[in-house]
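> Pasted the sequence and its predicted model underneath.
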Amino acid sequence: MRVCAPPDEDFARRLAEVGVPLVPVGPSARAPTKAAPPPASLPRRAAELIAGQLDTVTEAAQGCDVLVATGMLPAAAGALSVAERLGVRSVSVTFQQLTLPAPHRRPPAYPGRPLPPEVTDNEVLWELDARNADALFAEALNTSRASVGLPPVENVRDYVIGDRPWLATDPVLDPWRKSPDLDVVQTGAWLLPDGRPLPAGLAAFLQAGAPPVYVGFGSMPLHAAAGIGQVAVEAVRAQGRRVVVARGWAGLSPAGDRDDCFVVGEVNQQALFGRVAAVVHHGGAGTTTTAARAGVPQVVVPQAADQPYWAGRVAGLGIGAAHDGPTPTFASLSAVLRTALAPTTRGRAAALAGRVRTDGASVAARLLLDAHG
């Protein structure tokens, strides 16, 4: 088994923990988080991603029985083209359902290409989504494919999705409504058990008082997360709670030196979340699922991509609260934090925890092995 992923230390370290080698491909995943790239650069960046996939993944996939493709649309298109070139079976996987065409939902918009607000027919909007994907990525994809003797792709989005895409999300948190056009395989979320102990200092902090509130914004960029982090800490303190702050990719560090706040780096969230009063986060799929499995209330402050969707799911299930918009004030965040800390919310979060599947990764592995066998 080999994993091709961006050459970031985070990925290499996590893969090393499970004994899987990393084959670096493409640019750093952290680079775009320093500053949002301009929408006009998307086609150029897509060309670089696809070319990198064809060069690196082709070599890495030699002798493999199946290729699992996921990630940004152009990267996945490049990886699937490698499988096609080598005659290897491929599976297309998404970690959120928003990019899968569905008649009951509008597609997400690409940067610089907003969907016309006056159009309410979702079928028309999904057709526009396909055209937008072609406009952004088709030339880059087909140029690279031609260089290795592959025919052009007429519809980039549908090429990547395929006839039977896999949806690696939990069916309770993210229920898939059957569509006549897609045979979706929902495996459950791919979260492996994490047996790492909590750092001694953190364990001592948790033991020293009432459960704190966790504040972390994962891979969100500095310009987005830094101000939010400080507002969140102030709002948590105003509720009479201690705080655990995760540095994340933004390098969060609250101002001042007070003993009611503990700052952590990379940490076992599965072990930590079961010992906190609430989790304040950006709404990434992994953090949302891990918090739900831990039975802890959530406050989601969505920034981009699929995060507003996960915020809506948390609020809709009653297991937490969603902040309206990406930039909270002390007052607005305090309001949703009070909702999350209410006993009724904690009760719903605890009740739902037992319904969240824990076997998504093993289900996916069995499907792969059974199909090959």
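Nice, thanks for sending it over.
> drop to CA atoms for contacts and neighbour counts, all remaining ones
Noted.
> Give me the domain ranges for the protein.
The chain breaks down into these domains under automatic domain parsing: 37-192+359-372, 200-353.
> Return the most buried member of the ones you listed.
domain 200-353 (a mean of 20; mean count of other C-alpha atoms under 10 Å).
> Name all residues that make contact with Asp260.
Counting by C-alpha atoms under 8 Å, 6 or more residues apart in numbering, Asp260 touches Arg242, Val243.
> what's the distance between it and Ala235?
Per C-alpha to C-alpha, to the nearest Å, Asp260 is found 13 Å from Ala235.
> ok so, going back, could you point out which of the domains of the chain sits nearest Pro7?
Ranking the domains of the chain by distance to Pro7, with C-alpha to C-alpha as the measure, places domain 37-192+359-372 first at 12.2 Å.
> From the contact counts, what lies against the longest helix along the chain?
Counting residues, the longest helix found in the chain (DSSP state H) is helix 122-147. Identification of packing neighbours for helix 122-147 by 3 or more C-alpha pairs under 8 Å, 6 or more residues apart in numbering; DSSP states H and E yields helix 42-52, helix 73-86, helix 156-161.
> Please tabulate those helices in CSV, including the columns distance to Ala305.
Below are these laid out as CSV (distance: least, C-alpha to C-alpha, whole Å):
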stretch, distance to Ala305
helix 42-52, 15
helix 73-86, 13
helix 156-161, 17
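> Lowest mean pLDDT across these, which one is that?
Mean pLDDT is lowest for helix 42-52 among the helices and strands packed on helix 122-147, at a mean of 81.
> which one of the helices and strands packed on helix 122-147 lies closest to Ile228?
Ranking the helices and strands packed on helix 122-147 by their distance to Ile228 (criterion: C-alpha to C-alpha) puts helix 42-52 first, at 27.5 Å.
> what's the distance between the helix or strand following the closest one and the middle of its chain?
Using DSSP states H and E, the helix or strand that follows helix 42-52 in sequence is helix 58-60. Centroid separation between helix 58-60 and its chain, computed with C-alpha atoms, centre = their mean, to the nearest Å, is 26 Å.
> ditto for stretch 168-182
So, by C-alpha atoms, centre = their mean, the centroid of stretch 168-182 is 16 Å from its chain's centroid.
> what does it contact?
Contacts of stretch 168-182 (C-alpha under 8 Å, 6+ apart): 93-97, 102-103, 163-165, 184, 186-190, 289, 313-314, 355-357, 360.
> as a whole number, average confidence for that stretch?
Averaged across stretch 168-182, pLDDT comes to 92.
> where exactly do the strands run in the protein?
3-5, 22-24, 66-69, 89-94, 166-167, 185-186, 213-215, 243-246, 261-264, 278-281, 298-300, 320-322 (DSSP state E).
> which one of those strands lies closest to Leu333?
Checked against C-alpha to C-alpha, the stretch from those lying closest is strand 298-300, at 8.6 Å.
> where's the closest one relative to the chain centroid, distance-wise?
The mean C-alpha position of strand 298-300 is separated from the chain mean by 15 Å, C-alpha atoms, centre = their mean.
> again, but for stretch 79-87
25 Å.
> Give me every residue in contact with that stretch, excluding its own residues.
50, 53-54, 57-58, 61-62, 66-67, 69, 89-90, 92, 145, 148, 150, 160.
> change it to 6 Å
Gln53, Leu54, Thr58 (C-alpha atoms under 6 Å, 6 or more residues apart in numbering).
> Stretch 2-18: which residues count as buried?
Val3, Cys4, Ala5, Pro6, Pro7, Asp8, Phe11, Ala12 (16 or more other C-alpha atoms under 10 Å).
> Save those as a markdown table, and put in distance to Ala138 and pLDDT too.
What follows is the buried residues of stretch 2-18, written out as a markdown table (distance: C-alpha to C-alpha, whole Å; pLDDT from 0 to 100):
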| residue | distance to Ala138 | pLDDT |
| --- | --- | --- |
| Val3 | 25 | 92 |
| Cys4 | 23 | 90 |
| Ala5 | 22 | 88 |
| Pro6 | 22 | 88 |
| Pro7 | 26 | 88 |
| Asp8 | 28 | 82 |
| Phe11 | 29 | 84 |
| Ala12 | 31 | 86 |
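> could I get those as a markdown table with distance to Val244?
Converted to a markdown table, those look like this (distance: C-alpha to C-alpha, whole Å):
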| residue | distance to Val244 |
| --- | --- |
| Val3 | 32 |
| Cys4 | 33 |
| Ala5 | 30 |
| Pro6 | 29 |
| Pro7 | 29 |
| Asp8 | 25 |
| Phe11 | 23 |
| Ala12 | 26 |
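> Which pair in those residues has the greatest spatial separation?
Val3 and Asp8 (12.8 Å).
> per-residue confidence for Pro302?
93.
> Enumerate every residue touching it.
His282, Gly283, Pro308, Pro326.
> Identify the residue nearest the second one in space, chain neighbours excluded?
Think Gly283. Gln307 (4.6 Å; C-alpha to C-alpha, 6 or more residues apart in numbering).
> Wait, the one you found touches Gly286, no?
No: if you go by C-alpha atoms under 6 Å, Gln307 and Gly286 don't touch, sitting 10.8 Å apart.
> In the stretch 151-300 of the chain, where is pLDDT below threshold?
Low-confidence segments of the stretch 151-300 of the chain (pLDDT under 70): 222-226, 255-256.
> residue contacts, Val3?
So Val3 contacts Leu22, Val23 (C-alpha under 6 Å, 6+ apart).
> how near is it to Ser219?
Distance, Val3 to Ser219, using C-alpha to C-alpha: 20 Å.
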